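Asker: requesting a structural model of the entry that follows:
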Amino acid sequence: MRKIFFNLIKRIRKFISWLWNQEGSPFQRALGFGVGIFSGCFPFFGIQTLMGVFLAKMLKGNTILAAVGTWISNPFTYVPLYYFNYRVGSLVLNTDKSIVDFSHIPTNQLWSQGWHLSSRIITGSMYVGIVTGLVGGFCLYLPLKKLSNRIDKK
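Answerer: Purely as a prediction, here's the structure:
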């Protein structure tokens, strides 16, 4: 059991080292990661990674770190992340913050209620994505820049 644990730790360290040594300037790597986090905040299951990689390519950021950044949304964080995005979207759109109750809605009004729910989640995702992408990218940029300066001085 102990051997399996240490083997897992060794693999995780190797993976983090591989990520840390990605190509590009510190800004390009941090940009890719931030764009990935931004893309991961949207509820577009299955295309978040494609969206992150596409945006990173367009902005000349690191595409691998963009794909990694989209891991902010995963099966463990879907519900809290999208609920938070919904609440932020409701706040921004200045609408009722309660969850839409679909049980008392006639079928002909279901589409309009779906739009209200979707618009809140998408708006909240955009705001949360921008903030978390900036914070995540900046938090990666600082140590990368510091490491880059150390390497340049040697």
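
Asker: which is the next helix or strand following the lowest-mean-pLDDT helix or strand in the chain?
Answerer: None of the helices or strands of the chain scores lower by mean pLDDT, DSSP states H and E than helix 2-20, at a mean of 81. Downstream of helix 2-20, the first helix or strand assigned by DSSP states H and E is helix 26-40.

Asker: just the angle for that following helix relative to helix 2-20, thanks.
Answerer: Relative orientation of helix 26-40 versus helix 2-20 (axes from the mean of the first three to the mean of the last three CA atoms, to 10 degrees): 110 degrees.

Asker: ok so, going back, elements contacting the least confident helix or strand of the chain?
Answerer: Packing contacts for helix 2-20, counted by 3 or more CB pairs under 8 Å, 6 or more residues apart in numbering; DSSP states H and E, involve helix 63-69. Just so you know, the C-beta spots here come from the backbone N, C-alpha and C atoms, and that holds for glycine as well.

Asker: distance check, the most centrally placed residue in the chain against L117.
Answerer: Centroid-nearest residue in the chain: I37, 2.4 Å away (criterion: CA atoms, centre = their mean). Distance of I37 to L117, computed by CB to CB, to the nearest Å: 24 Å.

Asker: count the neighbours of G52 for me.
Answerer: 30 (other CB atoms under 10 Å).

Asker: wait, it touches N62, no?
Answerer: No: assessed by CB atoms under 8 Å, G52 is found out of contact with N62, at 10.7 Å.

Asker: where does the prediction get shaky in the chain?
Answerer: Filtered on pLDDT under 70, the chain yields the residue ranges 96-112, 151-154.

Asker: now the angle from the lengthiest helix in it to helix 26-40?
Answerer: With DSSP state H setting the assignment, residue counts place helix 107-153 as the longest helix in the chain. Orientation of helix 107-153 against helix 26-40 (the same axes, to 10 degrees) gives an angle of 160 degrees.

Asker: ok now helix 107-153, how far from the chain's centre?
Answerer: Relative to the mean C-alpha coordinate of its chain, helix 107-153 is positioned 6 Å out (CA atoms, centre = their mean, to the nearest Å).

Asker: go on, stretch 72-86?
Answerer: With CA atoms, centre = their mean, you get 10 Å for stretch 72-86.

Asker: same deal with stretch 16-33?
Answerer: Put simply, stretch 16-33 sits 16 Å off its chain's centre (CA atoms, centre = their mean).

Asker: next, the buried residues of it.
Answerer: Buried residues in stretch 16-33, counted by 16 or more other CB atoms under 10 Å: Q22, G24, P26, F27, Q28, R29, A30, L31, G32, F33.
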